[in-house]
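>>> Could you look at this predicted model? Sequence included:
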Amino acid sequence: MDHHSGAVVSFTEEQEALVLKSWKVMKEDSANLGLKFFLRIFEIAPSARLLFSFLRDSKVPLEKNPKLKSHGMSVFVMTCESAAQLRKSGKVTVRETTLKRLGATHFKYGVLDEHYEVTRFALLETIKDAVGEMWCPEMKTAWAEAYDQLVAAIKQEMKPV
């Protein structure tokens, strides 16, 4: 179980199929889903809003904030694309420069383990709502595993630059 080799622990063909099937359904709506994903995070952990400078000084309601919209969409799409390619590539496919930047940013803003937990929960809930009848325990496990792999890769880079 060597996580440092960047090898994926076990992401089965079935898991890959479930992720691809659900991502296909969600892709079209990713702007909306990305926003919902972040609204869900802030609902669970209101203090997480303080991590975002563009929310701190804003008078705009969260769901109307254009920066939150675009941030939500990019995080959601990156997470889903990374999940979709996990098996094929055998590792998290986010570019190394991006991972380093994500690691440094998350470090700088003081993102904690609990934040990743909340985010994981919010992600799974957002996907569950989005895919409706398609949702099943196996799909939940597949997305959770893909998310954990991405977080592990980001956490490896969480240090001051």
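Looks like it came in fine.

>>> and the longest helix along the chain, what's its mean pLDDT?
Of all segments of type helix in the chain, defined using DSSP state H, the longest is helix 66-89. On average, the pLDDT along helix 66-89 is 90.

>>> Could I get the buried residue list for the helix or strand following it?
Per DSSP states H and E, the first helix or strand lying C-terminal to helix 66-89 is helix 96-108. For helix 96-108, a neighbour-count test (16 or more other CB atoms under 10 Å) marks 99-100, 102-104, 106-107 as buried. Using the backbone N, CA and C atoms, a C-beta is placed for each residue, glycine as well.

>>> Regarding the residue sitting furthest away from the middle of the chain, what is its secondary structure?
Taking CA atoms, centre = their mean, the residue of the chain most remote from its mean C-alpha position is residue 59, at 26.2 Å. Classification of residue 59 by DSSP: H, G, I helix; E, B strand; the rest coil places it in coil.

>>> Next, the contact list for residue 136, please.
Neighbouring residues of residue 136 by CB atoms under 8 Å, 6 or more residues apart in numbering: residue 18.

>>> And the pLDDT at it?
97.

>>> Repeat that for residue 110.
On pLDDT, residue 110 comes in at 80.

>>> and it, which of the three is it?
Residue 110 - assigned by three-state DSSP - is coil.

>>> how many other residues sit next to residue 145?
19 (other CB atoms under 10 Å).

>>> Figure out the helix or strand that it lives in.
Applying DSSP H and E, one finds residue 145 within helix 137-156.

>>> buried stuff in that helix?
Quick answer for helix 137-156 (16+ other CB under 10 Å): 139, 142-143, 145-147, 149-151, 153-155.
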